[in-house]
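Asker: Build the 3D model from these lines:
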Amino acid sequence: MQATQSTVQAAGDDIPPPEDLDDSSQELDDEISQPVPETLDEVPAVLGDTPGDEESQEEGLENPDPLAGAENPAIMCQARILIAIRDGSDDPLTCAKWDSAPHTAQLRAGVSAWPAPTWCDDHGVSGKWYVNRFKACGIFSATVSVINPRTGAVTGTLNYLVRAYAYSGRDVPNWAYQVELMEVSSTGTAKGMSASGKVKCLGKCKVTKSTFPAQKMSQNNDAVGQFLLQTTIKTSPKGQKGEGQASAAWLFTKAGVTPSNEISLSPPPVRCDNALPGTSKPGCVMPYIPEMVYAKAGEYPELAQHIEDAQNTQNLPGKHGTTRYLTRLTDKTKITQNRDTSCPSSLPRPTGKQCDEYPFASTWQGAKTGGSYSRRMIAAAQNEGGGRALGSFYLYNRIIEKDRFLMWIK
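Answerer: You can find the predicted model right below:
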């Protein structure tokens with residue numbers, strides 16, 4: 001399925017549209033998208049001793065599970081029905097709620113929506129968020145019912161899907177959030193419903209643009225809400241960081257029936273910072289732990305083989321598919337101490353070779369700060385080139401002090 005390419009014109013002044021990655025980057029972008037872990041013990045934003053964890057817990061920002069609170073709209077609907085019965089009202093009452101099971105996997109593109117990643121639709125109507133470092137997307141199932149409060153009869157239903165998409169910028173202090181409400185089927189008095197909404201921001205952020213006017217829904221017309229958010233962390237001194245989380249809410253209206261209750265959906269929290277070595281630009285990332293990829297058949301085969309052997313034979317951390325993460329170290333003095341411990345200058349180097357250490361000197365798991373390590377003499381060009389690739393990986397993924405990452409040896 002292909003989404004339309006149109007965008008909200010005003011958005012360009014605040015945050016760039018989703019990146020148009022080259023083929024190789026898009027392939028990796030699609031490959032590493034993963035669901036947000038369902039248990040808090042596995043959620044990247046609250047695991048380990050990464051700086052900012054305490055702040056995140058104080059602000060109450062968590063990776064959301066929309067269906068965990070699915071009973072709330074249903075309770076609201078029941079309360080509204082009881083009030084209507086008490087008041088003797090015969091006015092049709094509209095109730096919106098989440099569903100635990102999808103109506104259909106059939107999707108359509110939003111008329112004026114930002115194009116969502118292909119892997120968002122690939123996962124189907126799962127009711128889960130899928131994330132990588134700069135994008136989060138998920139498809140959720142929901143229902144609107146029009147009810148006669150006196151008789152309890154349902155006079156109309158609207159089954160719809162919500163495709164929610166958030167994306168951030170690696171070198172801008174903004175991010176965007178979009179919800180597409182796509183009608184699957186409608187009956188009776190629920191036909192021709194209009195949806196409209198708003199957004200609020202929790203934590204270290206503010207709303208800079210909110211566009212979700214009333215839009216009539218049908219199988220040929222989706223209701224789209226688009227929002228721009230901005231971090232409120234201080235611009236100086238360097239080293240600032242903080243989390244923000246958007247929450248979109250919408251309701252349904254139609255002439256002759258009462259408006260529905262609000263229903264809301266929040267994407268995972270976004271971490272923004274101006275703490276990335278190598279650049280003064282702030283940027284924002286999603287709660288996804290990135291992976292550095294070295295291929296044994298690639299540019300740095302000796303380097304890749306060393307890392308694989310160190311992980312498998314010495315049980316050193318950072319291996320793909322585990323939670324034994326590497327955490328970045330940015331203190332230059334400590335990095336030098338790590339390197340001098342693993343590869344002292346007194347250690348002989350064969351001609352054309354350099355000493356390669358693992359875990360990297362630029363991690364807290366390095367030889368001095370971590371204690372266990374492996375070293376091997378490898379081709380100098382591979383050691384230098386692999387080091388530059390690691391530096392680019394840090395920069396590209398905004399890996400700041402004590403951010404976690406893994407090594408994927410292919």
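Asker: Helices of the stretch 301-410 of the chain, start to end?
Answerer: 301-313, 332-342, 367-370, 380-396 (DSSP state H, counting those that start in this stretch).
Asker: Next: the chain.
Answerer: Remark: helices assigned in the chain by DSSP state H are 23-31, 53-59, 71-86, 118-122, 301-313, 332-342, 367-370, 380-396.
Asker: who's in contact with L395?
Answerer: With contact taken as C-beta atoms under 8 Å, 6 or more residues apart in numbering, L395 is in contact with 276, 278-279. The way it works is simple: take the backbone N, C-alpha and C, and place the C-beta from them, glycine included.
Asker: please redo it, this time with the cut-off set to 10 Å
Answerer: Taking C-beta atoms under 10 Å, 6 or more residues apart in numbering, we find L395 in contact with 170-171, 276-279.
Asker: Buried ones only from the residues you listed, please, as a ChimeraX command.
Answerer: Applying 16 or more other C-beta atoms under 10 Å to the contacts of L395 leaves a buried subset, and the ChimeraX line that selects it is:
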select :170,276
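Asker: Going by distance to G391, which of the contacts of L395 wins?
Answerer: Within these, the smallest distance to G391 is 7.5 Å, found for G278 (C-beta to C-beta).
Asker: what sits against that closest one?
Answerer: Applying C-beta under 10 Å, 6+ apart to G278 gives the contacts 330, 391-392, 394-395.
Asker: swap the cut-off to 8 Å and go again
Answerer: 391, 394-395.
Asker: can you count the residues close to Q337?
Answerer: 16 (other C-beta atoms under 10 Å).
Asker: quick one: contacts for it?
Answerer: 368-369.
Asker: try 10 Å
Answerer: Q337 touches 331, 361, 366-369, counting by C-beta under 10 Å, 6+ apart.
Asker: could you dump these to CSV with pLDDT and distance to A255?
Answerer: Listed next are these as CSV, based on pLDDT from 0 to 100; distance: C-beta to C-beta, whole Å:
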residue, pLDDT, distance to A255
D331, 96, 64
A361, 97, 68
G366, 97, 67
A367, 97, 72
K368, 97, 72
T369, 97, 67
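Asker: one step back: which one of the contacts of G278 sits closest to P259?
Answerer: L395 (48.2 Å).
Asker: so where's the stretch 1-150 of the chain shaky on pLDDT?
Answerer: 1-72, 74, 100-112 (pLDDT under 70).
Asker: how about a cut-off of 50?
Answerer: Applying pLDDT under 50 to the stretch 1-150 of the chain flags residues 1-13, 20-60, 66-67, 102-111.
Asker: what's the answer for the stretch 151-300 of the chain, then?
Answerer: In the stretch 151-300 of the chain, no residues with pLDDT under 50.
Asker: what are the bridge partners for S218, then?
Answerer: N221 (DSSP bridges).
Asker: May I have the residues that are in contact with it?
Answerer: 183, 186, 191-193.
Asker: one step back: and which of the contacts of L395 is nearest V179?
Answerer: Of those, the one sitting nearest to V179 (C-beta to C-beta) turns out to be R170, at 23.4 Å.
Asker: correct me, but that closest one touches R398?
Answerer: Yes - counting by C-beta atoms under 10 Å, R170 touches R398, with 5.6 Å between them.
Asker: So for the two, which residues contact both of them?
Answerer: Joint contacts of R170 and R398 (C-beta under 10 Å, 6+ apart) are 133-134, 276, 279, 281-285.
Asker: And R86, how far from P149?
Answerer: For R86, the distance to P149 equals 9 Å [C-beta to C-beta, to the nearest Å].
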